[in-house]
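[1] Sequence and predicted structure are below.
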Amino acid sequence: MAVLNEEQEMLRDMAREWATNESPVTEFRKVRASGDPKAFDQTAYATMAGMGWAGIIIPEEHGGSDFGFLSAGLVVEELGKTLTASPLVPSTVAASAIILGGSEEQKAKWLPKIASGEAIATLAVDEGPHHCPDTIETSVSSGKLTGTKAFVPEAHGADLFVVAAKDGLYLVEKGDGVSLTARRLTDQRSHADIAFDGAAADKLATGGDDLLNRVMDRARVLTAAEMLGMAQTVFDTTLDYLKQRVQFNQVLSSFQALQHRMADLFADLAQMRSAVEAGLQAIDSGVGAERAAIVAKAEANRVLHTISNEGIQLHGGIGMTDEYDVGLYLKRARVLEASWGSTRYLKGKFATLSGY
């Protein structure tokens, strides 16, 4: 496990207490039942921003705490444990794009708003059903952006889109030339296809040719951090269930075959945590960030897929019912596994980086 300083421990504990007491899974169920296309509690997100979580990676001169990605990951992990619906991850990733590639004017305009929660931002990259940032067709002419983006997360609540075009990343505000079509995915969160038709675009011009790759690294590690929190909760919930469910006059946890399965999951979870924390630390240090981010997301995909499947199976038939929370984690897991690179895509990318 990563060695945390005192401030990071306090941040993690605060996030854990808030998520447990103020944002349990029942709060997500309320959001889901409301039918609001934004699919998150705006009051709750204002509270998160008020606690400084929206500005963890943002420099102090722009209203943030500049506390790094490991610290941001600690908060995201705790929120993942309770399936807290919020735009915190995409907004943080979008902020990182502005930090890495924005001009001083762009930073001064947007970073304080993102840090305070006044503005929500998200990333619009993919144009088809699969993550493939190498095949972007969106283009910009005379400052106007035209193209389509698919499955944009938290799009309905976003005020700003960081959009990948053929020649770089652009800032596009919600408004004229931007139209959303909601996509209902299995996790019941906000996703949309976006058509940009001559929308005013402001290029992030100082990040270099690899800006999109570096932003993808950050998207992958923060998504992996959310998945880590989910995997931990599914494991804990399943273990608790096995300890109290009686079959043939014995609790299920007394059966050796089930003990072996849970022991395997425990080992997988430890390996996942190591990979995710290494990815977050690599982003902060700038050393080996791309490889570490790929490994973190690939391992998160593998382990959460396995744990969510096992959680359903070990709960038996009731695991498939909406009454039990474990099914909600599986549905969110499947969406996150496809976000910013499936396991197959990430393995291929890692092999390419390794010269194969």
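    It's in. Numbers count the residues shown, from 1 in each chain.
[2] Quick one: the strands in the protein, in order.
    For the chain, applying DSSP state E gives strands covering 121-124, 139-141, 144-153, 160-165, 168-173, 178-182, 191-200, 202-203, 246-247, 250-251.
[3] Can you get me a residue count around the nearest residue to Thr186 once chain neighbours are set aside?
    Distance criterion Cβ to Cβ, 6 or more residues apart in numbering; nearest residue to Thr186, sequence neighbours excluded, is Lys331 at 4.3 Å. Backbone N, C-alpha and C define where each C-beta goes, glycine included. Close neighbours of Lys331, defined as other Cβ atoms under 10 Å, add up to 15.
[4] Make residue 1 into 16 and carry on from there
    I'll keep to 16 as the first residue from here, and by that count the last item is Lys346.
[5] what about Asp225, neighbour count?
    As a measure of burial, Asp225 has 12 neighbours, counting by other Cβ under 10 Å.
[6] Read off the pLDDT value for it.
    According to the predicted model, the pLDDT of Asp225 comes to 94.
[7] quick one: it from Asp232, how far?
    In this structure, Asp225 lies at 10 Å from Asp232, with Cβ to Cβ, to the nearest Å as the measure.
[8] Contact partners for the residue nearest to Lys218 when sequence neighbours are not counted?
    Here the nearest residue to Lys218 in space, its sequence neighbours aside, is Tyr185; by Cβ to Cβ, 6+ apart that works out to 5.2 Å. Contacts here follow Cβ atoms under 8 Å, 6 or more residues apart in numbering; on that basis Tyr185 touches 155, 160, 177-178, 216-219.
[9] Now, of those, which are buried?
    Under a neighbour-count criterion of 16 or more other Cβ atoms under 10 Å, the subset of these counted as buried comprises 155, 160, 177-178, 216-219.
[10] what's the farthest-apart pair in those residues?
    Farthest apart among the buried ones among the contacts of Tyr185 by Cβ to Cβ are Val155 and Val177. That separation is 13.5 Å.
[11] Tell me the pLDDT of the closest residue to Asp56 other than its chain neighbours.
    With sequence-adjacent residues excluded and distances taken as Cβ to Cβ, 6+ apart, Asp56 is closest to Val46, at 5.8 Å. Confidence at Val46, expressed as pLDDT, is 95.
[12] Looks like Val46 contacts Phe55 (just checking).
    Yes - using Cβ atoms under 8 Å, Val46 is in contact with Phe55, at 6.2 Å.
[13] anything in contact with each of the two?
    Residues touching both Val46 and Phe55 (Cβ under 8 Å, 6+ apart): Ala100.
[14] how close does the most centrally placed residue in the chain sit to Ala87?
    Nearest to the mean C-alpha position of the chain, counting by Cα atoms, centre = their mean, stands Thr238 at 3.1 Å. Distance from Thr238 to Ala87, counting by Cβ to Cβ: 12 Å.
[15] With Ser154 instead?
    Applying Cβ to Cβ, the value for Ser154 to Ala87 is 32 Å.
[16] Ile135 too?
    Relative to Ala87, Ile135 is positioned 16 Å away (criterion: Cβ to Cβ).
[17] give me the low-pLDDT residue ranges for the stretch 66-215 of the chain?
    Along the stretch 66-215 of the chain, the model assigns pLDDT under 70 to no residue.
[18] Could you list which residues are in contact with the most far-flung residue of the chain relative to its centre?
    Among residues of the chain, the one most distant from the C-alpha centroid is Asn264; the distance is 42.4 Å, by Cα atoms, centre = their mean. Applying Cβ under 8 Å, 6+ apart to Asn264 gives no contacts.
[19] What distance do you get for it to Gln274?
    Using Cβ to Cβ, one gets 18 Å for the distance from Asn264 to Gln274.
[20] how many other residues sit next to the residue lying closest to Leu115 once chain neighbours are set aside?
    Once its chain neighbours are removed from consideration, Leu115 has its nearest residue in Gly222; the separation is 4.8 Å (Cβ to Cβ, 6+ apart). Around Gly222 there are 20 other residues, counting by other Cβ under 10 Å.
[21] Can you report phi and psi for Gly222?
    When quoted as degrees, to the nearest 10, the phi and psi of Gly222 stand at phi -90, psi -10.
[22] before we move on, back to that, pop out the phi and psi values for the residue farthest from the centre of the chain.
    Dihedral pair for Asn264: phi 60, psi 20, per degrees, to the nearest 10.
[23] Give me the local confidence score for it.
    Turning to Asn264, the model gives it a pLDDT of 79.
[24] before we move on, what about Tyr371?
    Per-residue confidence (pLDDT) for Tyr371: 84.
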